[in-house]
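> my questions concern the predicted model and sequence given below.
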4 protein chains.
Amino acid sequence: MDYSRILEQIHADLQPWLDKGRVADYIPELAKVPVNSFGMAVVTTAGEVFRVGQADTRFSIQSISKLFACTMAFRLLGDTLWQRVGREPSGTAFNSLVQLEAEHGKPRNPFINAGALVVTDVLCRRFVKAETALVEFMRRVTGESTIDYDLRVAQSELLHAHRNRAMAHFMASFGNIEMPAEAVVDAYCRQCAISMSCVELAKAALFLSNGGVVPSTGERILDASSAKRLSALMLTCGTYDAAGDFVYRVGLPAKSGVGGGIVALLPGEMAVCVWSPGLDSNGNSLAGVLALEWLTTYTGRSIF
Amino acid sequence: MDYSRILEQIHADLQPWLDKGRVADYIPELAKVPVNSFGMAVVTTAGEVFRVGQADTRFSIQSISKLFACTMAFRLLGDTLWQRVGREPSGTAFNSLVQLEAEHGKPRNPFINAGALVVTDVLCRRFVKAETALVEFMRRVTGESTIDYDLRVAQSELLHAHRNRAMAHFMASFGNIEMPAEAVVDAYCRQCAISMSCVELAKAALFLSNGGVVPSTGERILDASSAKRLSALMLTCGTYDAAGDFVYRVGLPAKSGVGGGIVALLPGEMAVCVWSPGLDSNGNSLAGVLALEWLTTYTGRSIF
Amino acid sequence: MDYSRILEQIHADLQPWLDKGRVADYIPELAKVPVNSFGMAVVTTAGEVFRVGQADTRFSIQSISKLFACTMAFRLLGDTLWQRVGREPSGTAFNSLVQLEAEHGKPRNPFINAGALVVTDVLCRRFVKAETALVEFMRRVTGESTIDYDLRVAQSELLHAHRNRAMAHFMASFGNIEMPAEAVVDAYCRQCAISMSCVELAKAALFLSNGGVVPSTGERILDASSAKRLSALMLTCGTYDAAGDFVYRVGLPAKSGVGGGIVALLPGEMAVCVWSPGLDSNGNSLAGVLALEWLTTYTGRSIF
Amino acid sequence: MDYSRILEQIHADLQPWLDKGRVADYIPELAKVPVNSFGMAVVTTAGEVFRVGQADTRFSIQSISKLFACTMAFRLLGDTLWQRVGREPSGTAFNSLVQLEAEHGKPRNPFINAGALVVTDVLCRRFVKAETALVEFMRRVTGESTIDYDLRVAQSELLHAHRNRAMAHFMASFGNIEMPAEAVVDAYCRQCAISMSCVELAKAALFLSNGGVVPSTGERILDASSAKRLSALMLTCGTYDAAGDFVYRVGLPAKSGVGGGIVALLPGEMAVCVWSPGLDSNGNSLAGVLALEWLTTYTGRSIF
């Protein structure tokens, strides 16, 4: 399918929406990004790349890093990972502690902050520097050797990480964080601060649409069944407490971040990444969700 | 695809699992069903029917009725329905009141009890007898004129409906139940008591896999987009608080009931219904979930 | 002690506060009472009566009825009453269902609505008409044979009793309401609709300050230890979710109602009732709490 | 009143109960104390001291330190302290985070862990070493210059302080911890590790029964009104989630600790401290609560 025209149509239609959302301001560094930034890229399993707007501008991937960190932990532990973190939608805000207390320190899924901290704990146990291991993974699956995390963003996050520290210590009290809580939060903040472009993120996620294999290199990241399962997790848990609404409107597995990026998959065919920093009330990119909704409407392609 | 052999293989493999679950006993009438009952049917959009075991034995559809009641309410109200009931996974047990209190009487989705009561309230406002309207809908989409609800099951449910009454009155206190609460609970219990077989339920759900049109009659029930959207809701909310796990393992939109039935869809291709009354700890058919998991494994077909 | 001057001083000082609260409007009948109404009465165990303002005007006692209904149930069941209702502050709003769900249908204490419904259930089991039994109890301990419940208020409450019905059915689902839920709610609403004056309510509560014996008649209502224990319950649970603040400011056991009345005790010495219909954000009489705070400040008398 | 005989009677009656409770074992150092230890001391405002059992043996005062830390913070800030910490019973376990999340980081009262951390934060802001300031306060009000905290207990607590760290960071995320969270938790653990005997603790609390003045030295710690108010707080919040039950059974303001100590007041007359390390399911000394219940029964003296 030729996505060029569709991406351009979406870009044109989005103009009145680009300044409607609210840029994340809990981290000063993120608040500096112009609200009307926009980029979108489709990368197909056949190797085609379609782009519109600032598709090659790097931005802070934030929670999209949880998808790749989870992939790495899943490779290490397989299904035993699910003994420490669940696979259910949380039904509460992404940084809530209520659920953790009721469920004895086991987070609902790896895409809320608590679950991502457990995933990072797994990586911290295996790698000297979990954040470096994730950066290297990103470089490998994209072939882009300049990908790195932004130190200023990481430091800014660390200054405002009280809630994440609270969650890490809380889970430690239940025995579900094994490494020192401060170290886990440090690595987590650095992972979130990785900078990548739409094209790079779509390339990075493409193995999930391609049965677990990176198309450009043939490297197997996951077996086919595991790739489907991570896609299933994205579908039910990838967009915070709006997963039901997102699946209803868009119908694609996806993972979003408060930097304004969203990565989505059409299994067997392509991966797409959209970026627009203005967020809706659920913390997802307002224009980004619209762009993906229109993409599935215009193409008639979704998982349903 | 020829599903005959696959269904027989599944039936054979399931033997050791058929007595493992626990038959719902909160309603005495349901507790009388033999735990090792089993049936399964696949109906394709092309008109083929594949069956194994007691695929023509009727059982109590229970919460599967919520899928069809929601279809009727969605036809009546369109997207305004979502002003009264959400589209998000609940993150709590199917009959919890905690979420209702925190969210001012608006249930999380139409497939938990509270949401289904709101749906029934919509139907009670439009039809003199909501349960009769649903029975007639079922007869029409299946072509089976003998489908009806089981009066003894309905009466048994009404005797044990304290929790549903509590929820109906509670939502009435927020203005989200408009008809008399007792009447809504009465209609709801009768809907849940409808008896249908696996073949009948698969036929009834087939319009959702076929762009909103009943293949055998050509009757349009929903437009194509609405059919996809209801499928999306089934995916994220159709199997109680285990939706994440179900999507992870099975990868099909589905709706389950405590009578042991589960209806699932492979969009564009078929609908399937499995029945085995032994339930797992989430209230889903234990053998039924396994059967669907093996079905997608053996066929390699899922939405991912 | 001569309370005359103190009451008059309080009455004078309260003038600017009498229109500051908000009259309960969830029941239309209650909303008709002029917000600047005010009365206060002290009745001593020695038989003296001190009054100021509209101390002989009857008003709707509302939740103050819970104190006397609890006394009656405690007489019937003794400490076995506490198997069905707790003795702890709730930490949540007076009509919350969250706690009930977490604690399996056992209300935290008899002075929140859920607990009062259990108490009424006890009375409904023992008396043909629980509300009549309570009216007769009130007549007996005050010597006022014209005390009765206001039928229009009761009917108004019944039309707005969705939340109470929800709680009654909810507790029935846990087996903690034994009589038909509708009948229990009916009796409860009638009890709340009893009309009494400040002088009458102070007289009615006086046995609790007098070791369980009505001073004017010598009738023993409770043994001395039980009277102390009910006073303890009033202290920790008598003023909704503001009990801590009330004890901090006033330092007397008390029970309030949304009709604007508050009954308080100085054990061994007197009972006091104040009435002013303007409520604070916790549902307690705004001027009433002030009046009691000044009473303990001016007299230097409290339980501490 | 001569308390000698009463204390001996209580000691005799308690024999079968002394091994019934469960010694706190979440801190290894505490678990070493023999379960059948027992001491009790009454100190009157007139200067008399009555003792029985190991009334001069020092034990870990644990949460009883919260009473004195709160006194110090209240002296510093007066009623502005209540902007940062409430005065209501929590209705939940002493170390719950659920309430904190719902109420935006403001703890319910200064006697649950979260509230005590805020109090310590106040002290950390004012004093270079908050724990030393509290030790000096204890020495001053008792005249015992050897009182100190036990370094091994403090270190043991710090190794198991994940939950307290979680709460401190969590409140910091709401801006309600101003000093570094780690430093606040460190000072808090040291305060809890102070060792004192029953006689010393009863002497230390006596100013609260004496209008705010230490009887032996005449030093005013609080004005009379503030002393009453702290007593009110002890009554409603001093014994964890069992305050209602404690007031019902004992009828005295009190503060307990998991080291097995309980300090209680009879305003105007005396302070009492009992110690027995076996705890009940609420974390209060099992034999200690019984001893105080019998004390008020035998003497007929309580606040009611």
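The structure has been received and is ready for your questions. The structure displayed is predicted, hence computed values, not measured ones. Numbering: from 1, shown residues only, chains lettered A, B, ... in the order given.

> could you report the neighbour count for the nearest residue to A:Val49 once chain neighbours are set aside?
In space, not counting the residues next to it along the chain, A:Val49 is nearest to A:Val43; the distance is 5.2 Å by CB to CB, 6 or more residues apart in numbering or on different chains. Any C-beta I mention is one placed from the backbone N, CA and C, and that applies to glycine too. By the criterion of other CB atoms under 10 Å in any protein chain shown, A:Val43 has 28 neighbours.

> ok so A:Val43 is a helix residue?
No: per DSSP: H, G, I helix; E, B strand; the rest coil, A:Val43 lies outside any helix segment and is strand.

> close to chain C, is the lowest-mean-pLDDT helix or strand in chain A?
Sorting the helices and strands of chain A by mean pLDDT, DSSP states H and E puts helix A:98-102 at the bottom, at a mean of 83. No: among the residues of helix A:98-102, none lie within reach of chain C under CB under 8 Å from any CB of the partner chain; the closest is 9.0 Å away.

> so does that helix get close to chain D?
Yes: Helix A:98-102 is in contact with chain D by CB under 8 Å from any CB, via A:98, A:100-102.

> that helix packs against which elements?
helix A:162-173, helix D:98-102 (3 or more CB pairs under 8 Å, 6 or more residues apart in numbering or on different chains; DSSP states H and E).

> most packed of those helices?
Among the helices and strands packed on helix A:98-102, ranked by average contacts under mean count of other CB atoms under 10 Å in any protein chain shown, first place goes to helix A:162-173 (a mean of 26).

> could you check the angle the helix or strand just after that helix makes with helix D:162-173?
Going down the chain from helix A:162-173, the next helix or strand is helix A:181-192, by DSSP states H and E. Angle, helix A:181-192 to helix D:162-173, by axes from the mean of the first three to the mean of the last three CA atoms, to 10 degrees: 50 degrees.

> ok, then the element right after helix A:181-192?
strand A:194-196.

> who touches that next one?
Under the criterion CB atoms under 8 Å, 6 or more residues apart in numbering or on different chains, residues A:58-61, A:65, A:134-135, A:138, A:142, A:144, A:147-150, A:153, A:204 lie in contact with strand A:194-196.

> which ones among these map onto helices?
The helices, defined by DSSP state H, take in A:65, A:134-135, A:138, A:142, A:153, A:204 from the contacts of strand A:194-196.

> need the max-distance pair from the residues you listed.
The distance between the two most remote of the ones in helices among the contacts of strand A:194-196 (CB to CB) is 19.4 Å, for A:Thr142 and A:Val153.

> show me what the helix or strand in which A:Leu208 is found is packed against.
Using DSSP H and E, A:Leu208 maps to helix A:198-209. On a contact count with 3+ CB pairs under 8 Å, 6+ apart, helix A:198-209 meets strand A:39-44, strand A:49-53, helix A:130-142, helix A:224-237, strand A:261-266, strand A:270-275.

> right, and those - which one's nearest D:Asp13?
helix A:224-237 (58.1 Å).

> in the stretch 101-250 of chain A, which residue sits closest to chain C?
Per CB to the nearest CB, A:Ala102 is where the stretch 101-250 of chain A lies closest to chain C, at 9.0 Å.

> list the residues that contact the nearest residue to that residue once chain neighbours are set aside.
Once flanking residues are discounted, A:Ala102 sits nearest to D:Val98: 7.9 Å by CB to CB, 6+ apart. D:Val98 sits next to A:97-98, A:101-102, D:92 when contact means CB under 8 Å, 6+ apart.

> again, but for A:Ala69
A:Ala69 neighbours (CB under 8 Å, 6+ apart): A:110, A:116, A:119-120, A:123, A:130, A:134, A:191.

> again, only using 10 Å
A:110, A:116, A:119-120, A:122-123, A:130-131, A:133-134, A:137, A:187-188, A:191-192 (CB atoms under 10 Å, 6 or more residues apart in numbering or on different chains).

> what do you get for A:Tyr248?
Neighbours of A:Tyr248 in contact, by CB under 10 Å, 6+ apart: A:242, A:293, B:79, B:82, B:87-88, B:228-233, B:235-237.

> quick one, strands of the stretch 1-150 of chain A?
Using DSSP state E, counting those that start in this stretch, the strands of the stretch 1-150 of chain A run over residues A:22-23, A:39-44, A:49-53, A:59-60, A:148-149.

> what sits closest to the most centrally placed residue in chain A if chain neighbours are left out?
Residue closest to the average C-alpha location in chain A (CA atoms, centre = their mean): A:Ile64, at 1.6 Å. In this structure, A:Ile64 finds its nearest non-sequential neighbour in A:Gly257, 4.3 Å apart by CB to CB, 6+ apart.
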